[in-house]
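> Give me coordinates for this.
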Amino acid sequence: MTCHSCEKVIGNILKDLPGVEEFEVSLKQGRAGVRMRDDAKNPDLAALNSKLGAHGYVLTPEGGERTAARPADCRLPTIHRNRFSTRLRHALVALFAVGAASVFILGPLRSLVPNVSAGASIGALLVFGLVASVSSCLATTGGFLLAYNGKPRSNRQLLAVHAGRLAAFLAGGALLGLIGRSIPGVSESLYGVLALGLGIIFLVMGLHMLELSPSLAKLGLTLPKNMSKLGDRMSSSEGRAAPFLVGAVTFALPCGFTQTAQALALASGSPMTGMLLMGAFALGTLPVLAGLSIFGTVKALKYRAVKLATGAVLSFFAFGQIDGGLTVLGSPVTPGSLFASWTSQAAQQAIPVANAQEQLVRMTVAYGTYSPRVLTVKKGVPVRWEIDGQDVGGCARSLVVPKYGIRRNLTPGLNVIQFTPKDAGTIPFSCGMGMIRGSFNVTD
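Numbers count the residues shown, from 1 in each chain. As a prediction, this is how the structure comes out:
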């Protein structure tokens, strides 16, 4: 079990057993128990595991095989002591495969993506939604949709469910953006703190899916159980508007990924940006959740390869979140800067102008990237930084250089920023949300 939703799924199966008076499922203890009526038969373990197996769970009796497999001195057998090295190899393979796919497949495809108004943040939230749909959110949102689909539903009802979900995410994102605009102090610093904190959480979640760490729930970070009660009541309704409302209520179901997207929409301070962010996230979750509605099972998503791949993607997300958060907060050392110091990156050299009294560097903002990402200048000489804003929507709209207190909203066309680097070293810069990053390499 990994979260309270696991408790709920198992509990729903246990309570339907004939003769059950009381049941208990404990995430922390990894145990489930039932108390039967005096006149009831003991449950058939094989039949029970047949039902639980569809959701990826297995029950073993106390004192059964799982306990008996341990030696008398309670030390784990050799196969268990060596299991971490095996898991580590599998995790490294998954990380390498996902990294290679992002470089050799997604990289070339990105240049084919048309210019969109919200730039990188929209694309990031779309992929983020896809990752969310095959990870912890599947237990909550997926389990909720499976419960609604427990009775026969027409295609029209299923379509209404997902239409309601998309509508709620669009409207909710716009509302959060509006609220964020009215809250004083919502700034780049909030993005930085948010990205850093969430990056650490995502790293733990990714490592857990790679089977290298405990889950967040087992570390004591859980969401209240009663947050999904409204969804439970809605899923049992049979009204004409029920399918649409069932989809809409998923906006409020407990899921760390959804809450991350909601926090970004709030911090955007723009109803339009908030709406686009949440809409992209909902669209990213649509393929898996729609398939779940059609096929009515999560068994295929329990395959270990899918879990490992999802963990690898989430770990890369964590790296980006932590790097972006530290960049926005003005940290001189970030994971990205360390990686850049180990690799050779093409850097644009400054062009001396006006009898060496000024140095010129040029950069383009397009398709959610800075080109070039590394700019080399000399210290003590004023810099004229010309930025061609080809796509300055969403996160790309703002540019921050925390070390020098530079915060600029970019406009389409030419943007000019001037400053004088005082010390040699690396000066990181990024968009306001830390999703797009670059740096100055300042030489003596």
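
> From here on, just use CA atoms for contacts and neighbour counts.
Will do.

> Could you list the low-pLDDT ranges of the stretch 101-250 of the chain?
Applying pLDDT under 70 to the stretch 101-250 of the chain picks out residues 101-121, 134-140, 142-153, 183-192, 194-195, 198, 213-239.

> at 90 what do you get?
Scanning the stretch 101-250 of the chain for pLDDT under 90 picks out the ranges 101-162, 176-250.

> for this structure, which helix is longest?
Looking across the chain with DSSP state H, the single longest helix is helix 155-182.

> What is it packed up against?
helix 242-249, helix 256-268, helix 271-295 (3 or more C-alpha pairs under 8 Å, 6 or more residues apart in numbering; DSSP states H and E).

> you'd agree residue 132 is up against residue 285?
Yes: Residue 132 is in contact with residue 285 according to C-alpha atoms under 8 Å; the separation is 6.8 Å.

> buried sites along the longest helix of the chain?
Neighbour-count burial for helix 155-182 flags 157-181 (criterion: 16 or more other C-alpha atoms under 10 Å).

> And the protein, split by domain according to the record?
Domain segmentation of the chain under automatic domain parsing yields 4-80, 86-329, 338-443.

> Break down the stretch 251-400 of the chain into its helices, ranges please.
Using DSSP state H, counting those that start in this stretch, the helices found in the stretch 251-400 of the chain span residues 256-268, 271-295, 304-328, 335-342.

> can you give me the angle the second one makes with helix 155-182?
It stands for helix 271-295. Angle of helix 271-295 versus helix 155-182, following axes from the mean of the first three to the mean of the last three C-alpha atoms, to 10 degrees, is 150 degrees.

> Does anything pack onto helix 271-295? Which helices or strands?
Looks like helix 271-295 contacts helix 119-133, helix 143-148, helix 155-182, helix 256-268 (3+ C-alpha pairs under 8 Å, 6+ apart).

> Test my guess that residue 94 contacts residue 211.
No: counting by C-alpha under 8 Å, residue 94 does not reach residue 211; the two are 11.5 Å apart.

> Between those two, tell me which one has more neighbours.
residue 94 (22 against 19; other C-alpha atoms under 10 Å).

> What about that one? Give its phi and psi, please.
With angles defined as degrees, to the nearest 10, residue 94 sits at phi -60, psi -40.

> Please renumber the chain so that the first residue is 35 from this point on.
Taking 35 as the first residue, the last one we looked at is residue 128.

> Show the contacting residues for it.
342, 343, 346 (C-alpha atoms under 8 Å, 6 or more residues apart in numbering).

> I figured the last one hits residue 246, correct?
No: the pair residue 346 / residue 246 is not scored as a contact, 11.3 Å apart, by C-alpha under 8 Å.

> shared neighbours, those two?
Counting by C-alpha under 8 Å, 6+ apart, the residues touching both residue 346 and residue 246 are residue 125.

> Comparing these two, which residue is more hemmed in?
Neighbours were counted for residue 346 and for residue 246 using other C-alpha under 10 Å; residue 346 has more, 26 against 16.

> dump the residue contacts of that one.
Going by C-alpha under 8 Å, 6+ apart, residue 346 touches 125, 128, 129, 132, 240, 241, 244.

> try it again with 6 Å
Going by C-alpha atoms under 6 Å, 6 or more residues apart in numbering, residue 346 touches 128, 129.

> pLDDT at it, what is it?
At residue 346, the model reports a pLDDT of 76.

> how near is it to residue 241?
8 Å (C-alpha to C-alpha, to the nearest Å).

> ditto for residue 393
Going from residue 393 to residue 241 by C-alpha to C-alpha gives 45 Å.

> Can you list the strands that the longest strand anywhere in the chain pairs with?
Identified as the longest strand of the chain according to DSSP state E is strand 392-400. Strand pairing for strand 392-400, using DSSP bridges, gives strand 385-387 (antiparallel), strand 403-405 (antiparallel), strand 417-423 (parallel).
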